[in-house]
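Student: No sequence on hand, only this structure:
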């Protein structure tokens, strides 16, 4: 049994903590939101009375955090409280720069730092179907691999440094671009008079029916834009992607355009919708109604 402290029990962190506990590990959790802690308690998780003390007792600290600032804050607490030989696993989507700064801070503490980014939304986290992309010390990765297997069926070790951070951005670039592709394709079809539901039936049975297209088809065929990942969150990730491209002089022209479409969706009031709401943005630009039952 491994003593695990989970910092951050949002939509991703909470189910991950639950899976680790179900796998037989002793789990405590912490979060700045009392509402999230109440939800964790209701699901049978133990809330740490003192996060620093819980980190100090843990064999493994795992975090799921919203941004660079939160990573730096939690990493500072890990550096101060964690014992030598413990492992710090961070699953957040953050910049390579912030992650490298954390690595430098932790290097002197004897804490093993693993960047273990995950691919998948909250529903996939709940179903333990995440794909884990890890980088950091290989021996530490091998030691925590049984924990990572509780999060999903696929784990990939990519290197000693920030490779997992970059790989997550590569994956999210393709996710963002899939939504932009769908926006243009579906708008063309509607503008030409095709039925919305018919288009989704054909797309789901065609050569372009990737797993993400099939997953989105369930909701979007009903024009349900309930978020698994919001427009605002995708803008944050696109900022990270474009910064990473700039750092290595990789031209990401299409991604920059998709970022602007996301900003348009935000400006049009769709910022809390699923990132696929850029479909509505492109429809509006073509003079189409965004109401489900209206014909072009």
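Tutor: It's in. Note that the structure is predicted; figures quoted are calculated from it, not measured. Numbers count the residues shown, from 1 in each chain.
Student: From now on I want contacts and neighbour counts done on CA atoms only, so please keep to that.
Tutor: Noted.
Student: what does the average pLDDT come to for the lengthiest strand in the chain?
Tutor: Criterion DSSP state E: the longest strand present in the chain is strand 112-119. Strand 112-119 shows a mean pLDDT of 97.
Student: Assign the residue lying closest to residue 276 once chain neighbours are set aside to helix, strand or coil.
Tutor: Once flanking residues are discounted, residue 276 sits nearest to residue 179: 5.4 Å by Cα to Cα, 6 or more residues apart in numbering. Residue 179 falls in the helix class when you classify it by DSSP: H, G, I helix; E, B strand; the rest coil.
Student: For residue 179, the count of nearby residues, please.
Tutor: Residues lying near residue 179 (other Cα atoms under 10 Å) number 20.
Student: One more: residue 247?
Tutor: Neighbour tally, residue 247, other Cα under 10 Å: 9.
Student: wait, isn't residue 89 in contact with residue 118?
Tutor: No - Residue 89 lies out of contact with residue 118 (Cα atoms under 8 Å); the separation is 11.4 Å.
Student: More neighbours: those two, which one.
Tutor: For residue 89 versus residue 118, neighbours defined as other Cα under 10 Å are more numerous around residue 118 (28 against 25).
Student: and the closest residue to residue 113 other than its chain neighbours, helix, strand or coil?
Tutor: Nearest residue to residue 113, sequence neighbours excluded (Cα to Cα, 6+ apart): residue 88, at 4.9 Å. Recorded secondary structure, residue 88: strand (three-state DSSP).
Student: what's the distance between residue 88 and residue 191?
Tutor: Separation of residue 88 from residue 191 (Cα to Cα, to the nearest Å): 51 Å.
Student: Then residue 117?
Tutor: 39 Å.
Student: Between those two, which is the more surrounded one?
Tutor: More crowded of residue 117 and residue 191, by other Cα under 10 Å: residue 117, with 26 against 16.
Student: Hmm, the more buried one is touching residue 164, no?
Tutor: Yes - counting by Cα under 8 Å, residue 117 does reach residue 164; the two are 6.1 Å apart.
Student: Mutual contacts of these two, please.
Tutor: Common neighbours of residue 117 and residue 164 (criterion: Cα atoms under 8 Å, 6 or more residues apart in numbering): 133, 134.
Student: So this protein: which segments form each domain?
Tutor: Domain segmentation of the chain under automatic domain parsing yields 3-161, 169-285.
Student: just so I know, which of the ones you listed lies nearest residue 291?
Tutor: domain 169-285 (8.5 Å; Cα to Cα).
Student: need the helices for the protein, in chain order.
Tutor: When secondary structure is read from DSSP state H, the chain shows helices at 13-22, 34-42, 51-57, 68-81, 96-107, 122-126, 138-148, 163-191, 196-204, 211-220, 231-247, 253-267, 278-285.
Student: So for residue 5, which of these sits nearest?
Tutor: helix 51-57 (6.1 Å).
Student: follow-up on the earlier one: give me every residue that touches the residue nearest to residue 113.
Tutor: 60, 61, 62, 78, 111, 112, 113, 114 are the contacts of residue 88 under Cα under 8 Å, 6+ apart.
Student: before we move on, back to that, can I get the helices of the chain in CSV including distance to residue 4?
Tutor: Formatted as CSV, the helices of the chain follow (distance: least, Cα to Cα, whole Å):
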stretch, distance to residue 4
helix 13-22, 8
helix 34-42, 15
helix 51-57, 8
helix 68-81, 13
helix 96-107, 18
helix 122-126, 18
helix 138-148, 10
helix 163-191, 22
helix 196-204, 41
helix 211-220, 32
helix 231-247, 27
helix 253-267, 37
helix 278-285, 39
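Student: Which one of those helices lies nearest to residue 3?
Tutor: Here helix 51-57 is closest among the helices of the chain (Cα to Cα), at 7.4 Å.
Student: got the buried residues for that closest one?
Tutor: Under the neighbour-count criterion of 16 or more other Cα atoms under 10 Å, helix 51-57 has 51, 52, 54, 55, 56, 57 buried.
Student: Would you mind pulling the contact partners of that helix?
Tutor: Residues contacting helix 51-57 (Cα under 8 Å, 6+ apart): 3, 5, 28, 29, 30, 48, 61, 77, 78, 81, 82, 83.
Student: what bridges to the fourth one?
Tutor: Looking back up the chat, that one is residue 29. Here residue 29 sits in beta bridges with residue 6, residue 47, going by DSSP bridges.
Student: Show me how far stretch 179-195 is from its chain's centre.
Tutor: 27 Å (Cα atoms, centre = their mean, to the nearest Å).
Student: what's that stretch in contact with?
Tutor: Here stretch 179-195 has contacts from 196, 199, 258, 275-276, 278-280, 282-283, 286, 288, 295-296, using Cα under 8 Å, 6+ apart.
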